[in-house]
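**Q** I'll drop the sequence and a predicted model, then ask my questions.
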Amino acid sequence: MDFSKYITFEFVDFLTDDYFISYVINPSTAKDQFWNSFLNQYPERKAIVSSAADFIRRYRLQDRFDNQNQQEEVWNRINNTLASQAPVRKRLFTTAAYLRIAAMFFLVSSIGIGYWYYNIPLNVSTVYGEIKTVELPDHSIVTLNGNSSISYARSWTKGPREIWIQGEALFKVRHINIDTLHILLEERFIVHARDLNIEVLGTTFNVKSRHENTKIGLLSGKIRVDFAKQENVKVKSLIMRPGDYVEHAVSAITTRTKLADARKLSKWVNHHLFFKGATLQEISQTLRDDYGYQVNLGADVSPALKIEGEINVSSVKELLDVISSTLHVSVKQDKKIITITN
Amino acid sequence: MSQHALNFDAENAELWSSFKTGDWQAYTELYKRHFKLLNNYGYKFSQDVNLIEDAVHDLFVKLWTNKANLSTPASVKNYLYKALRGDLLRKIETHSKFVNLEEEGSVPFPFEISFDQRMIASEEELSLQKKIKSVVDALPARQKEIIYLRFYEELSYEEIAEIMGITVSSSYKLLYKGINSLQDTLKISKMLLLMSIVGALRGNF
């Protein structure tokens, strides 16, 4: 190891040396070895090296302002501004090898289907606690739960009817096929949720796609669930019938059950909150995801606490009352912060 | 650059090319990945949160509106930083009560870091951080900014030059100037002595 240049280094020199800076900011075994050796051989340089390293490290401890609690609001402003801008008259036709995002830090490349489409998708999103109903270009109806968003082409004239979702929505899809045995491309209706494609023929179903998980419950009709990634060919398509309910996480179907009453999945449409045998964890999650509440549990309150039976209420306040009386806990609400203690 | 930073950039590149073709999800993702970073950088120039939010809003609206005509930057993050910086400085100037009589390129603007929120372990730590803030605050804004971009954002001279709108050789000169000033001030404040004591006490550095 060649230390010659560092022997006469002053404070300034260390702070402008790439290798030294990289050692302080991104240490590694090799870098550690180098600098420890240097100091063992030249202990009189310790003071100056420490000062330089200390300066950088302390400098980096400065405050961070991330304004995270405004992220949603600024996003809504952006959406509104874009929505109010006059639509672009010019048509941009492109053959797209479509790249979609399946997760925060994970990209799924699509099948190379080239098709023409209008280059300006419509996007609808809801803020926490908001429920919005939208009519799609084919007159199908989608109802969005809070903190959710959908994206779809302005016009469905070519290719299948497609829609992308993040969050939760209830779909009521119109039958438009004439012959059930020979369904044309433009008669198909496909919902993309993370790395699943849900294909429907005319039906009512609920999709909840949050975090790493997608949950689908079919109320009426018939749907087919496929993985978007074609490599998973070994997994057969899943056909769902009314009452069927599946949960999908990462790359596998984790749950398949038959629900006694699938309509309960879509109670949220009327601002109703419905839970069955739910733990505090699950309830907190829904309050967070759909309504934007921050739920703090006291040290002696376990998230695994379960409320047996059904909860069917029409407001968050009622829900908190139920939790409080059933689990014998104290529930305090201060604006968007809910605290549950023993 | 750390591996994490390299991955971040690679993912951004994919998202950027998707977004340019009109992929709304990719656009949303770019917003989510950069909102906090942009706010943090913007806050150094102005603590008027509404102004920063306006700048972020305008930036993203412009991005979507002009997506078809955008180039493909080497680093999406640096591109966004540069765009935000430019717009924010313009907004600050417009809001400023004072008429700018200085020549182009030497517009006075603020740049400030702070150490208020840290959970301070000891009195000694507190006083050292105070010292750092005061020696850094004594520098002209551009030197403060370049020190921030180099030591906090870990950017190269080329990237810094791009963001600040100066030549690469100017960025070298500017950083040297800043650090030389620091060395002078630190010697005067005897901070060097203080830090070396701390270093020796801890037995490592």
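**A** Structure's in. What do you need?
**Q** Just the element for whichever residue of chain A sits closest to chain B, please.
**A** Proximity of chain A to chain B (CB to the nearest CB) peaks at residue A:50, 2.9 Å away. (Each C-beta comes from the backbone N, C-alpha and C, glycine too.) Following DSSP states H and E, one finds residue A:50 within helix A:46-59.
**Q** Give me the secondary structure label for the nearest residue to residue A:199 once chain neighbours are set aside.
**A** With CB to CB, 6 or more residues apart in numbering or on different chains as the criterion, residue A:199 has its nearest non-adjacent residue at 4.6 Å, and that residue is residue A:224. At residue A:224 the chain is in strand, as set by DSSP: H, G, I helix; E, B strand; the rest coil.
**Q** any idea of the pLDDT on residue A:224?
**A** For residue A:224, the model assigns a pLDDT of 76.
**Q** Same check on the one 3 residues further on?
**A** The predicted structure scores residue A:227 at 70 on the pLDDT scale.
**Q** And residue B:80, by the same measure?
**A** Residue B:80 is given a pLDDT of 97.
**Q** Could you find the closest non-adjacent residue to it?
**A** residue B:34 (5.5 Å).
**Q** Now do the contacts for that neighbour.
**A** B:76, B:77, B:80 (CB atoms under 8 Å, 6 or more residues apart in numbering or on different chains).
**Q** list the helices and strands the longest strand anywhere in chain A packs on?
**A** Criterion DSSP state E: the longest strand present in chain A is strand A:161-172. Counting contacts by 3 or more CB pairs under 8 Å, 6 or more residues apart in numbering or on different chains; DSSP states H and E, strand A:161-172 packs against strand A:141-144, strand A:149-153, strand A:189-193, strand A:204-210, helix A:280-291, helix B:24-45.
**Q** 6 Å instead?
**A** Packing contacts for strand A:161-172, counted by 3 or more CB pairs under 6 Å, 6 or more residues apart in numbering or on different chains; DSSP states H and E, involve strand A:141-144, strand A:149-153, strand A:189-193, strand A:204-210.
**Q** Which among the ones you listed is found nearest to residue B:17?
**A** strand A:149-153 (17.5 Å; CB to CB).
**Q** Say whether chain B is contacted by that closest one.
**A** Yes: in terms of CB under 6 Å from any CB of the partner chain, part of strand A:149-153 sits within range of chain B, namely residue A:151.
**Q** How about residues contacting that strand?
**A** A:117, A:118, A:121, A:122, A:123, A:124, A:125, A:163, A:164, A:165, A:166, B:24 (CB atoms under 6 Å, 6 or more residues apart in numbering or on different chains).
**Q** thinking again about what came up before, please produce JSON lines containing the helices and strands packed on strand A:161-172, extended by distance to residue B:53 and mean pLDDT.
**A** JSON lines is the format used below for these (distance: least, CB to CB, whole Å; pLDDT from 0 to 100):
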{"stretch": "strand A:141-144", "distance to residue B:53": "25", "mean pLDDT": "87"}
{"stretch": "strand A:149-153", "distance to residue B:53": "20", "mean pLDDT": "90"}
{"stretch": "strand A:189-193", "distance to residue B:53": "31", "mean pLDDT": "86"}
{"stretch": "strand A:204-210", "distance to residue B:53": "26", "mean pLDDT": "75"}
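**Q** can you redo those strands as TSV with mean neighbour count and distance to residue B:66?
**A** As requested, the helices and strands packed on strand A:161-172 are exported to TSV (neighbours: other CB atoms under 10 Å in any protein chain shown; distance: least, CB to CB, whole Å):
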stretch	mean neighbour count	distance to residue B:66
strand A:141-144	20	28
strand A:149-153	22	19
strand A:189-193	24	26
strand A:204-210	23	30
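**Q** If anything else comes up later, I'll come back, but that's it for now.
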